[in-house]
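**Student:** What follows is a predicted structure for the sequence shown.
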Amino acid sequence: MNKYLKTLIPTDIAKGLALTGKHFMRVFGTANRRKVPLHVVSEYPEVPAKVQPRFRGRLTLLKDEQGETKCVCCLACEKICPTQVITIESGKKEGRKTKIPLRYDFEMERCIFCEFCVESCGFDSIILNHQFELAAYNREDFSIGMLGRSQNMFELTPVGSFSYAEDPKD
Amino acid sequence: MQTMTLSQLCVMAILQAVAVVIFIFIVVPLTTFAERKVIGYIQDRLGATRIAGSRNGLTGYLNRRMWGMGKVPMLSIFRGLPMFIGDIIKLLVKEDIIPDKADRAIFIIAPALSMIASVVVFAAISFYPGALFTFPRWFPVVGGLPFTGFITNMNVGLLFILGVASVGVYGIVLGAWSSNSKYPLLGGLRSAAQIVSYEVPLTLSLLVPVVLAGSLNFNEMTRMVATQMPLYAVPLLFVGFFIYFTCGFAETNRMPFDMPEAENELVAGFHTEYSGMKFGFFYLAEYINMIVVSALASAFFLGGPYLLPFGLQSFVPAGTPIIGGPSVVWFLLKIFFLLISFIWVRATIPRYRYDQIMAIAWKYLIPFTLVDVALAAAVRFTMP
């Protein structure tokens, strides 16, 4: 009898409908304001996507206050790299006690983004930045370094010609 | 109303039929769009926001502008609307595959049968009991004649609707059988059993307004049920509405009862082998059926063109401005609300098991509807 009544008067269905209806009104009311979005999706290509602080993106060299690389060419990262994508050629420079890298080549096509290089670095001179749009049309675009055509070891610049990474600025 | 000549009658009927088809082809894309949006918002998504295009194309520009301005609410809701044009183009230009072992003739006829059965019903549906507007004198053939809110005003309108609407299941069953494939066959079997089962409480629940109004004429029923009811008929209509609407979900194969096309069991059910515009016909037929069910529910239970539902309009004096008389706006608003309810229920309730569906129809809905009809007959007995 109880079951019969429960089926005839479906209070649970009414509860469910009330829940989704209320939720719909809340999300519908706030979906189009930038301040309090209740929806969990972002409109990615137009709106830059946010990544978590621990995100492991592309390898980047850091500079100190004088604008020089912090890297002292200890080769720790080159040794620990499991896929051996880092190649460093060290040199000397006037007025600097430590060595300075003449070449720092990073072959991104084989990088597995394990962050061992950053962990092994004793001078905090490299990081994995938050860039994740790493597709490119040419194989050469994946070799990143300090010299020549691929001078983008320091910046966030897009790797290939195909990227959404630049800010819309409008 | 003046008597019309045959040519005037034909021209008027064609004009009204064209108006109905335009109405259908405006409402169906809007419903598919609303379905994407409403389900999206319920699931914390945004639904459709763009059509195909690059970041620097029109859609990308529009989206970036919107975000730059902090999004203009009304406009940004309708950003995904052009998607229905893409849908139509896709369905039209897609390759139309007919399986080798399929029964060709029936395979081709089935979607058309399904579609025609759902469109023809509009011949008997009345959007407004009188003239919507009168053609001016200078108009070629039908000058000076009223453009009525209904195509035909037949005395057995409801019988016609029920009879034609139940032909629609043949489209599904024949399409399933002629595909010569096991999943469509199972879908068709389920559909046949389900629709035959739910036809009974659906028709019985429509008996409540029929008994209360004492007529089968669409306009007459709408007017009687909306305006001539005693107070104790209101709960009967209230219960009858929910029974009818539940059965309407089953008749249109919508979400809690979409056994014929249960995706996780039967690939896509009865239209597994269909592609291109043949599938499009099934798809259209489902949405047109939704409009038909909403129109009947709002006409016979929610007061139709009168504002207040469930016969409560009887207690509003007829001379009251705006809410006193009939208006086509109320009718369209009710249809719109019921269509949104279809989507809302789809986003809320998961699919029932097959034996549960049958149990609900035969063990619960039919006895309950019979009690409802008996009480309605008793109420009718006390009415003048």
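**Tutor:** Alright, I've got the coordinates. Small disclaimer: the values here were computed from a predicted structure and weren't measured.
**Student:** which stretch of helix or strand covers residue 22?
**Tutor:** Defaulting to chain A. helix A:11-30 (DSSP states H and E).
**Student:** could you do chain B instead?
**Tutor:** helix B:6-42.
**Student:** now that helix: how far from the chain's centre is it?
**Tutor:** Remark: helix B:6-42 is offset 11 Å from the chain centroid, using CA atoms, centre = their mean, to the nearest Å.
**Student:** tell me which strands and helices that helix is in contact with?
**Tutor:** helix A:11-30, helix B:83-93, strand B:146-150, helix B:276-300, helix B:328-348 (3 or more CB pairs under 8 Å, 6 or more residues apart in numbering or on different chains; DSSP states H and E). For every residue, glycine as well, the C-beta is placed using N, CA and C.
**Student:** buried set for the longest strand anywhere in chain A?
**Tutor:** The longest strand of chain A (DSSP state E) is strand A:100-107. Under the neighbour-count criterion of 16 or more other CB atoms under 10 Å in any protein chain shown, strand A:100-107 has A:Pro101, A:Tyr104, A:Asp105, A:Phe106, A:Glu107 buried.
**Student:** Now flag whichever of the residues you listed is closest to chain B.
**Tutor:** Using CB to the nearest CB, A:Phe106 comes nearest to chain B of the buried residues of strand A:100-107, at 27.8 Å.
**Student:** Show me where chain A has its strands.
**Tutor:** Under DSSP E, chain A gives strands at A:59-61, A:86-91, A:100-107, A:126-128, A:143-144.
**Student:** Generate JSON lines for these, with mean pLDDT and distance to B:Arg45 as supplementary columns.
**Tutor:** Listed next are these as JSON lines, based on pLDDT from 0 to 100; distance: least, CB to CB, whole Å:
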{"stretch": "strand A:59-61", "mean pLDDT": "86", "distance to B:Arg45": "34"}
{"stretch": "strand A:86-91", "mean pLDDT": "87", "distance to B:Arg45": "41"}
{"stretch": "strand A:100-107", "mean pLDDT": "85", "distance to B:Arg45": "38"}
{"stretch": "strand A:126-128", "mean pLDDT": "88", "distance to B:Arg45": "30"}
{"stretch": "strand A:143-144", "mean pLDDT": "79", "distance to B:Arg45": "37"}
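**Student:** Dump those strands to TSV, plus distance to B:Pro384.
**Tutor:** Below are those laid out as TSV (distance: least, CB to CB, whole Å):
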stretch	distance to B:Pro384
strand A:59-61	88
strand A:86-91	96
strand A:100-107	93
strand A:126-128	85
strand A:143-144	91
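**Student:** between the ones you listed, which one is nearest to B:Ala226?
**Tutor:** Of all those, strand A:126-128 sits nearest to B:Ala226, with 69.5 Å by CB to CB.
**Student:** outside of that closest one, which residues touch it?
**Tutor:** Applying CB atoms under 8 Å, 6 or more residues apart in numbering or on different chains, the contact partners of strand A:126-128 are A:55-62, A:71, A:77, A:113, A:115, A:117-118.
**Student:** and the two most separated of those residues?
**Tutor:** A:Phe55 and A:Cys71 (22.2 Å).
**Student:** The two - which one has more neighbours?
**Tutor:** Shown here are A:Phe55 and A:Cys71; by other CB atoms under 10 Å in any protein chain shown, A:Cys71 has more neighbours (24 against 13).
**Student:** Leaving aside the residues adjacent along the chain, what's closest to the more buried one?
**Tutor:** Nearest residue to A:Cys71, sequence neighbours excluded (CB to CB, 6 or more residues apart in numbering or on different chains): A:Ser125, at 4.4 Å.
**Student:** can I assume that neighbour is in contact with A:Glu68?
**Tutor:** No: with contacts counted by CB atoms under 8 Å, A:Ser125 stays clear of A:Glu68, the gap being 10.4 Å.
**Student:** quick one: which of the two has more around it?
**Tutor:** Taking neighbours as other CB under 10 Å, A:Ser125 and A:Glu68 compare with A:Ser125 leading, 21 against 13.
**Student:** Report the contact partners of the more buried one.
**Tutor:** A:Leu61, A:Leu62, A:Thr69, A:Lys70, A:Cys71, A:Val72.
**Student:** give me that answer again for 10 Å
**Tutor:** A:60-64, A:69-74, A:77, A:101, A:104, A:118 (CB atoms under 10 Å, 6 or more residues apart in numbering or on different chains).
**Student:** Helix or strand next in line after the helix or strand where B:Asp355 lies, which one?
**Tutor:** Element membership for B:Asp355 (DSSP H and E) is helix B:354-359. Counting by DSSP H and E, the next helix or strand C-terminal to helix B:354-359 is helix B:366-382.
**Student:** Poorly predicted segments of the stretch 1-150 of chain B, please.
**Tutor:** B:1-3, B:52-56, B:70-75 (pLDDT under 70).
**Student:** count of neighbours near B:Ser275?
**Tutor:** 15.
**Student:** ok, and the closest non-adjacent residue to it?
**Tutor:** Distances taken as CB to CB, 6+ apart place B:Ile97 nearest to B:Ser275, at 5.1 Å, with adjacent residues excluded.
**Student:** where's the one you found relative to chain A, distance?
**Tutor:** 34 Å (CB to the nearest CB, to the nearest Å).
**Student:** And the residue nearest the centre of chain B?
**Tutor:** In chain B, the residue lying closest to the centroid (CA atoms, centre = their mean) is B:Ile291, at 1.9 Å.
**Student:** check contacts around the residue lying closest to B:Val169 once chain neighbours are set aside.
**Tutor:** Closest residue to B:Val169 apart from its sequence neighbours, by CB to CB, 6+ apart: B:Ile195 at 4.5 Å. Contacts for B:Ile195 (CB under 10 Å, 6+ apart) come out as B:166, B:168-169, B:172-173, B:202, B:247, B:250-253, B:257, B:259-260.
**Student:** Give me the pLDDT for A:Leu166.
**Tutor:** Rather than Leu, residue A:166 is Glu. For A:Glu166, the pLDDT comes out at 44.
**Student:** ok, now which ones touch A:Leu102?
**Tutor:** Here A:Leu102 is in contact with A:Cys73, A:Ile88, A:Glu89, A:Ser90, A:Gly91, A:Lys92, A:Lys93, A:Met146, A:Leu147 (CB under 10 Å, 6+ apart).
**Student:** mind redoing it with 7 Å?
**Tutor:** A:Glu89, A:Ser90, A:Gly91 (CB atoms under 7 Å, 6 or more residues apart in numbering or on different chains).
**Student:** domains in chain A, as residue ranges please.
**Tutor:** For chain A, automatic domain parsing gives the domain ranges A:1-41, A:59-144.
**Student:** from the middle of its chain, how far away would the last one be?
**Tutor:** The chain centroid and the centroid of domain A:59-144 are separated by 16 Å, computed with CA atoms, centre = their mean.
**Student:** pLDDT wise, what is A:Ala14 at?
**Tutor:** 87.
**Student:** Now do it against B:Ser205, distance only.
**Tutor:** 19 Å (CB to CB, to the nearest Å).
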